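> with the input below, show me the fold.
(chains A and B)
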Amino acid sequence: MNEHAGRGWPTWARPGVWVPPLVAFAVLAGAWQLYAVHNPTVIPKIQQVVSQLVDRPYFFFRNALTTIQEAVVGAAFGMGMAFLLAVLMSFVRIVERAVLPLAVILNVTPVIAVAPALVVAFGFGMTPKYVITAVVVFFPFLINALIGLRSIDPLSLDVLTTLHASRTEVLWRLRLPSSLPFLFAAARICMPLSVIGAVVAEFVAAGRTNGLGTLIVTAASLGDLKTIYAAVAVLAVTGIVFFLVVVILQAKLLTWHSSAATAANA
Amino acid sequence: MPGLAPVPHHEAGPSVGRSGAASAPAVLLRAVSKSFGPRQAAVPAVDDVTLSVETGKFVTVIGPSGCGKTTLLRIVAGLLDPDRGDVSVFGSPVGRAVEAKGIGFVPQSPALLPWRTVLENVQLPLQVNEKAHLADGRVRRDPVEVLESFGLGNVLGRRPAQLSGGMQQRVAIARAFVFDPPVLLMDEPFAAVDELTREVLRHELLSVWQGSRKTVLFVTHSIPEAIALSDAVVIMSPHPGRIEKVVPVDLPRPRGDLVETTVEFHELERQVRMEIRRSWKPEGPEG
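Model prediction:
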């Protein structure tokens, strides 16, 4: 495809944009299919996975909805807490000194190691799922928010200081808007991460609730490869949708920032 | 000098403008010193500077990089505290003046908020610290009018990123004028724009200033800029930053677009240039 082939098309619709990934995808699918035909006990054929989704759409949709709920609620909670803590840290230096080491410890502790303990503490309902998802997204969002709130133009701060702006005014008029690109960058990492958190939580606390993670554990115990990969495919699509939602929100809300233009093309 | 705080004995410093009335000068620095760095290896940036700027005067501080002129301006703006000496604005401590929004600050770069439009950027000083506007006789100028006076009437809704550097700088200056502070501090506001734009901006500033007659302390390292704008040019020398000389500029006002072409202008330019060269000699000021 030469540069002029797609003239007049919106960027995303230009053949030069969607043909290469499509070809790569087709090559991978071909290789998959070839291997599946000869090794049916290792991976299922593509049409088997597709027929799973076509035959039982509501079943997968219902399970996906549970996982999405866990991911979204947990992520919202985790990101919200991280943001509030970041604001507090940027306001009171001593809070940062006190809490940041704890947050680092939380971050380096494998969440999957803690998950069984959380299940013991919170039972097999939705609560441990929310907590685990929140823990997974908490640290990346905290660090990005903290950097964002700090990333202010020092001369703009000088202008506000000479106007005798209060700390709240500096936060509201300078720090928060300056941090937005960082918050969106963090959300782009955290939203797909929240799906991982929800699935890990379901792996550990399978049984009571449904959800795609639970479905995978159950199907694995039955050796049902078709269902496992169908669930994996739905999870992958969920992650992509989460990512795209953040990208679209960023493009709509962050028009002033140069990253918004790049994000729209991502 | 009546009613002085106990500062080290110091001959009456350079005073700028005619000190006729008994009223306090707009800006008064007395024996101000400021060093940076750890106590043992502190590097003096400003050393024993005494300067008085009368109300309504346009005073320029000129000197090479590292002569402490920006530090001096930041001290007057209340952004830095001096190690020694004191600073007052209309007889009150700087902090009081800042609280009352008495100081307009134009930094080296435009420092506009990228998420705000041109108009919203200029509205910022009116939105922040609102209770200061209750002070007596303060004028809240119409942001649109101020922007129009800088020729920005047709870009009100644009974002800073959509403007040229010169236009961004105009917005930054309009932002300092809009809340009508009696004192304006400008730190090399035209440093980042090209020479031709710079002259245009200079004359725009001159004509807007002519209408308001605010007290201005202006930092630059352009000699023609200093002379064209000011009532007095304060020459500073580096290491440590000290005032070498104050050259009064008696060019008549209002000054037209062609002030730079007059004989008097060139004579002043020569005088300032010679003073600056003399003060840069290595055998010059010792610490």
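> and residue 188, what does it touch?
Unless you meant another one, I'm taking chain A. Residues near residue A:188 by CB atoms under 8 Å, 6 or more residues apart in numbering or on different chains: A:243, A:246, A:247, A:250. From N, CA and C alone the C-beta is placed, and that goes for glycine too.
> that answer is for a different chain, and I need it for chain B
By CB under 8 Å, 6+ apart, the contact set of residue B:188 is B:70, B:108, B:219, B:220, B:221.
> CSV for the residues you listed, including neighbour count, secondary structure and distance to chain A?
Output for those, formatted as CSV (neighbours: other CB atoms under 10 Å in any protein chain shown; DSSP: H, G, I helix; E, B strand; the rest coil; distance: CB to the nearest CB, whole Å):
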residue, neighbour count, secondary structure, distance to chain A
B:70, 21, helix, 11
B:108, 18, coil, 7
B:219, 26, strand, 14
B:220, 24, strand, 17
B:221, 16, coil, 18
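> which of these sit farthest apart?
Using CB to CB, those span at most 11.7 Å, a distance reached by B:108 and B:221.
> how many other residues sit next to whatever residue of the stretch 1-150 of chain A ends up closest to chain B?
Distances between the stretch 1-150 of chain A and chain B by CB to the nearest CB are smallest at residue A:148, namely 13.2 Å. By the criterion of other CB atoms under 10 Å in any protein chain shown, residue A:148 has 24 neighbours.
> packing partners of the helix or strand hosting it?
Following DSSP states H and E, one finds residue A:148 within helix A:127-150. Under the contact criterion of 3 or more CB pairs under 8 Å, 6 or more residues apart in numbering or on different chains; DSSP states H and E, helix A:127-150 touches helix A:57-91, helix A:93-108, helix A:111-122, helix A:176-204.
> of the contacts of residue A:188, just say which sits nearest to residue A:157.
residue A:250 (24.8 Å).
> distance-wise, check the closest one relative to residue A:145.
From residue A:250 across to residue A:145, the span is 15 Å (CB to CB, to the nearest Å).
> one more: residue B:264?
From residue B:264 over to residue A:145 (counting by CB to CB), the distance is 59 Å.
> more neighbours: which of these two?
Applying other CB under 10 Å to residue B:264 and residue A:145 shows that residue A:145 carries more neighbours, namely 24 against 13.
> I figured that one hits residue A:183, correct?
Yes. Between residue A:145 and residue A:183 there is a contact at 6.0 Å, judged by CB atoms under 8 Å.
> what residue of the chain is the furthest out?
Going with chain A. Note on chain A: the largest C-alpha distance from the chain mean falls to residue A:162, namely 40.8 Å (CA atoms, centre = their mean).
> let me rephrase: I mean chain B.
What lies farthest from the middle of chain B is residue B:40; by CA atoms, centre = their mean that is 31.7 Å.
> low-confidence stretches in chain A?
Filtered on pLDDT under 70, chain A yields the residue ranges A:1-8, A:206-209, A:259-266.
> near chain B, which residues of the stretch 101-250 of chain A are found?
A:153, A:155-156, A:158-166, A:169, A:173-174, A:177, A:180 (CB under 8 Å from any CB of the partner chain).
> now with 10 Å, please.
Applying CB under 10 Å from any CB of the partner chain, we find that the stretch 101-250 of chain A lies next to chain B at A:152-166, A:169-170, A:172-174, A:177-178, A:180-181.
> which of these count as buried?
Burial by neighbour count, 16 or more other CB atoms under 10 Å in any protein chain shown: within those this picks out A:152-153, A:155-165, A:169-170, A:173-174, A:177-178, A:180-181.
> in strands, which of those appear?
If you go by DSSP state E, these have nothing in strands.
> what are the ranges of the helices in the stretch 151-266 of chain A?
Along the stretch 151-266 of chain A, counting by DSSP state H, counting those that start in this stretch, helices occupy A:154-162, A:167-170, A:176-204, A:212-221, A:225-253, A:258-265.
> my bad, should have said the stretch 1-150 of chain B
With DSSP H, counting those that start in this stretch as the criterion, the stretch 1-150 of chain B has helices at B:69-76, B:94-99, B:118-127, B:143-149.
> residues touching the second one, excluding its own?
Identification of contacts with helix B:94-99 by CB atoms under 10 Å, 6 or more residues apart in numbering or on different chains yields A:161-164, B:26-27, B:29, B:75-82, B:86-93, B:102-103, B:105, B:129, B:131-132, B:135, B:181-183.
> please repeat the previous calculation with a cut-off of 8 Å.
Residues outside helix B:94-99 that contact it (CB under 8 Å, 6+ apart): A:161-164, B:75-78, B:87-90, B:102-103, B:129, B:132, B:183.
> burial of the residue lying closest to residue A:91 once chain neighbours are set aside, as a residue count?
Leaving out its chain neighbours, the residue that sits closest to residue A:91 by CB to CB, 6 or more residues apart in numbering or on different chains is residue A:167, at 6.7 Å. Per other CB under 10 Å, the neighbour tally for residue A:167 reads 10.
> how long is stretch B:45-63 end to end?
13 Å (CA to CA, to the nearest Å).
> circling back to that earlier point, give me the common contacts of residue A:145 and residue A:183.
Common contact partners of residue A:145 and residue A:183 (CB under 8 Å, 6+ apart): residue A:83.
> what's the closest non-adjacent residue to residue B:172?
residue B:110 (4.0 Å).
> try residue A:161
residue B:79 (6.0 Å).
> I figured the one you found hits residue A:162, correct?
Yes. Applying CB under 8 Å, one finds residue B:79 in contact with residue A:162, separated by 6.8 Å.
> got the CA positions of the helix or strand hosting residue B:277 in CSV?
Element membership of residue B:277, judged by DSSP H and E, is helix B:263-280. Extracted C-alpha coordinates of helix B:263-280, given in CSV (Å, rounded to 0.1, in the frame of the first residue of the first chain):
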residue,chain,number,x,y,z
VAL,B,263,20.0,60.5,18.5
GLU,B,264,19.2,60.6,22.2
PHE,B,265,18.3,57.0,22.2
HIS,B,266,21.6,56.1,20.6
GLU,B,267,23.6,58.2,23.0
LEU,B,268,21.8,56.4,25.9
GLU,B,269,22.4,53.0,24.3
ARG,B,270,26.1,53.9,24.0
GLN,B,271,26.2,55.0,27.6
VAL,B,272,24.5,51.8,28.9
ARG,B,273,26.7,49.6,26.8
MET,B,274,29.9,51.2,28.1
GLU,B,275,28.7,50.8,31.6
ILE,B,276,27.9,47.2,31.1
ARG,B,277,31.3,46.5,29.5
ARG,B,278,33.1,48.3,32.3
SER,B,279,31.2,46.3,35.0
TRP,B,280,32.1,43.0,33.3
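> quick one: residue A:52 from residue B:247, how far?
As for residue A:52, its distance to residue B:247 is 88 Å (criterion: CB to CB).
> please apply the same query to residue A:68.
Distance of residue A:68 to residue B:247, computed by CB to CB: 73 Å.
> one more: residue A:235?
Distance from residue A:235 to residue B:247, by CB to CB: 75 Å.
> which of these two has more neighbours?
residue A:235 (24 against 19).
> excluding chain neighbours, what is closest to that one?
Using CB to CB, 6+ apart, the nearest residue to residue A:235 is residue A:212, at 5.4 Å.
> and the one you found, how many residues sit next to it?
27.
> next up, the contacts around it.
With CB under 8 Å, 6+ apart, residue A:212 has these contacts: A:60, A:63, A:64, A:66, A:67, A:199, A:202, A:231, A:234, A:235, A:238.
> same question for residue A:178.
When the contact criterion is CB under 8 Å, 6+ apart, the partners of residue A:178 are A:148, A:149, A:151, A:152, A:153.
> need those in JSON lines (columns: distance to residue B:274).
Below are these laid out as JSON lines (distance: CB to CB, whole Å):
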{"residue": "A:148", "distance to residue B:274": "51"}
{"residue": "A:149", "distance to residue B:274": "50"}
{"residue": "A:151", "distance to residue B:274": "46"}
{"residue": "A:152", "distance to residue B:274": "43"}
{"residue": "A:153", "distance to residue B:274": "39"}
